[in-house]
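> Model the following, please.
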Amino acid sequence: MDKLDRYAALLADWQTRMNLVGPSTLPQLWHRHFADSAQLLPVAGPGRTWLDIGAGAGFPGLVIATLDPGARVTLVESIAKKCRFLETVVSDLQLDDRVTVENRRIEDLPPRRFDVITARALAAVTRLLGWGRPFAGRDTLWLLPKGARWSEELDEARRAYRFKVETRPSLTDEAARLLLIRGVAAS
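So this is what the prediction gives:
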């Protein structure tokens with residue numbers, strides 16, 4: 001908890017200089033961002049390799065890395081100033097040995113396989129699947145927290161890709177779902 005407290009303090013400080021999270025969400029930081037991210041860990045299990053696309057302020061990837069000492073997390077973020085924030089948090093929380101910050105677009109990241117691919121508040125499912133396919137193996141779990149339009153996004157994605165999906169209720173928003181997707185292939 002001390003590390004998450006420090007993360008929260010760094011976020012509040014940096015938020016005064018740049019937009020890392022919606023300003024209206026800061027009073028609900030623990031529920032809206034930390035708990036929403038933490039709920040992914042028991043679904044995926046400990047000790048996994050994670051790819052967080054469009055990491056922004058580090059949700060969910062930095063929360064996962066903080067809570068699971070066995071996790072290896074790659075945070076991909078194309079905006080350099082957000083990467084400076086992520087690098088500061090990684091260094092301050094002493095996560096350097098298991099968190100990598102990649103300041104580039106996901107399309108420019110050299111392909112390698114990850115156990116879990118995630119993204120939060122970045123893009124529709126169809127786009128996420130397209131971006132992440134070079135990093136997915138046969139057993140990769142796509143763990144995507146989605147808001148109230150989750151069903152529409154799944155319908156759209158099914159027109160472009162074949163996959164197996166399980167939906168679970170979000171623990172932080174009754175209208176939201178966690179999408180657990182496996183076996184992604186082009187239609």
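
> pretty sure residue 138 belongs to a strand, no?
Yes - using DSSP: H, G, I helix; E, B strand; the rest coil, the assignment for residue 138 is a strand.

> contacting residues for it?
Counting by CB atoms under 8 Å, 6 or more residues apart in numbering, residue 138 makes contact with residue 183. Just so you know, the C-beta spots here come from the backbone N, C-alpha and C atoms, and that holds for glycine as well.

> What's the separation between it and residue 164?
Residue 138 sits 12 Å away from residue 164, going by CB to CB, to the nearest Å.

> Please apply the same query to residue 14.
Counting by CB to CB, the gap from residue 14 to residue 164 is 39 Å.

> the more surrounded of the two?
Between residue 14 and residue 164, counting by other CB atoms under 10 Å, residue 14 is the more crowded of the two (19 against 9).

> can you map out the helices along the protein?
Counting by DSSP state H, one finds helices in the chain at the ranges 2-15, 36-38, 41-44, 61-67, 80-92, 125-132, 150-160.

> can I get those in TSV with distance to residue 175?
Formatted as TSV, those follow (distance: least, CB to CB, whole Å):
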stretch	distance to residue 175
helix 2-15	25
helix 36-38	13
helix 41-44	19
helix 61-67	21
helix 80-92	27
helix 125-132	16
helix 150-160	9
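
> Point out the one among those helices that comes closest to residue 180.
Closest to residue 180 of those is helix 41-44 (CB to CB; 6.7 Å).

> Check which residues of the closest one are buried.
Residues of helix 41-44 classed as buried by neighbour count (16 or more other CB atoms under 10 Å): 41, 44.

> Run through who's touching that helix.
Under CB under 8 Å, 6+ apart, the answer for helix 41-44 is 50, 64, 67-68, 115-116, 141, 143, 168, 178, 180.

> switch to 7 Å and redo it
With contacts defined as CB atoms under 7 Å, 6 or more residues apart in numbering, helix 41-44 is touched by 64, 67-68, 116, 141, 143, 178, 180.

> Counting only strands, which of those residues make the cut?
With DSSP state E as the criterion, strands contain 116, 141, 143, 178, 180 from among the contacts of helix 41-44.
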